[in-house]
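Colleague: let's see this in three dimensions:
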Amino acid sequence: MAAGICAAGLTSASAGLTVTQSFGSVPVGSYSGTGIPVDTSVKTTVTGIPGPTVFSPSDSLTLALSTTAHGAFNPAPGNDGVSTFTVGTGLVSGRSTWNYDYYFSSANGDLSGYSFLVTILNVGNGESFSYNPLLVGDNVGGPSSAGNSESLDFISSFIGYNPNLNDTYDVSLSASIGNNAPFARTSEQIIAGTGAPAPVPEASTLMSGALVLLPFGIGTLRSFRRKAASAPTA
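Modeller: Coordinates of the predicted model:
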């Protein structure tokens, strides 16, 4: 698919695209190594993407994410069979015990007409980081596909990642054409340990709640004093 693809304003709703979401396998080796499991992948497949000319065949694009163990010596992450993975905290030999994995492919065999974006959100602190996965130097599968297995250790300073903390991470992979809005996206959630702690109310919120309750407290006190004053004495 050439870079001049005529798909201005392309969206799954307006262009009549067919979007299918599933959980299953992608081709072996898609995550930068034949030993990395591929059968627990969160997938989005989009068909009916128009070609660069009216005579060009339409394309089909697959986006996938997964979470896998770093090395055969670490435990495999758990999953709910939909889009959520569970991993442990801590380090082994100076590295996190798990990786997040991305993969995308074009049925027409050419990714050059698309733009891709991986975004990681640290739910615990609200910090996020986005990057173009095509710029990663050791991707596998080109030119019809690209995939890799990455660690949050590599971007820890950008999202405040601490492998020893309970936290939650949202990972998404999106595809667009030119400067248009994304027309395809897949996402996964990774729960490390017990997950991100519940947010603590800010001081202003607590003060607001106290001010709301204050009139009721004063009214109760006044009522008690009136009853005490009118009570008969011995």
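Colleague: when you work out contacts or count neighbours from here on, use the C-alpha atoms and nothing else.
Modeller: Noted.
Colleague: hey, what's the spatially most central residue of the chain bridged with?
Modeller: A centroid search over the chain (C-alpha atoms, centre = their mean) returns Val171, at 2.0 Å, as the residue closest to the centre. Note on Val171: beta-bridge partners by DSSP bridges are Ile120, Glu188.
Colleague: ditto for Ala192
Modeller: Per DSSP bridges, the residues bridged to Ala192 are Val87, Asp167.
Colleague: need phi/psi at Pro133.
Modeller: phi -70, psi -20 (degrees, to the nearest 10).
Colleague: any stretches of the chain with poor pLDDT?
Modeller: 1-15, 52-55, 200-234 (pLDDT under 70).
Colleague: residues touching the residue nearest to the centre of the chain, list them.
Modeller: 118-121, 187-190 (C-alpha atoms under 8 Å, 6 or more residues apart in numbering).
Colleague: can you tell me which of the residues you listed lies closest to Val140?
Modeller: Using C-alpha to C-alpha, Val118 comes nearest to Val140 of these, at 16.2 Å.
Colleague: tally of neighbours for the closest one?
Modeller: By the criterion of other C-alpha atoms under 10 Å, Val118 has 20 neighbours.
Colleague: who's in contact with it?
Modeller: Neighbours of Val118 in contact, by C-alpha under 8 Å, 6+ apart: 130-133, 171-174.
Colleague: relative to Ser41, how far out is it?
Modeller: Separation of Val118 from Ser41 (C-alpha to C-alpha, to the nearest Å) stands at 15 Å.
Colleague: will you turn the contacts of Val171 into a markdown table that also has distance to Ser93?
Modeller: Formatted as a markdown table, these follow (distance: C-alpha to C-alpha, whole Å):
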| residue | distance to Ser93 |
| --- | --- |
| Val118 | 27 |
| Thr119 | 27 |
| Ile120 | 24 |
| Leu121 | 25 |
| Ser187 | 29 |
| Glu188 | 26 |
| Gln189 | 25 |
| Ile190 | 21 |
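Colleague: count of neighbours near the closest residue to Tyr114 other than its chain neighbours?
Modeller: Once flanking residues are discounted, Tyr114 sits nearest to Ile177: 4.9 Å by C-alpha to C-alpha, 6 or more residues apart in numbering. Neighbourhood size, Ile177 [other C-alpha under 10 Å]: 21.
Colleague: go on, Ser96?
Modeller: By other C-alpha under 10 Å, neighbour count at Ser96 equals 21.
Colleague: go on, Gly71?
Modeller: There are 13 residues near Gly71, going by other C-alpha under 10 Å.
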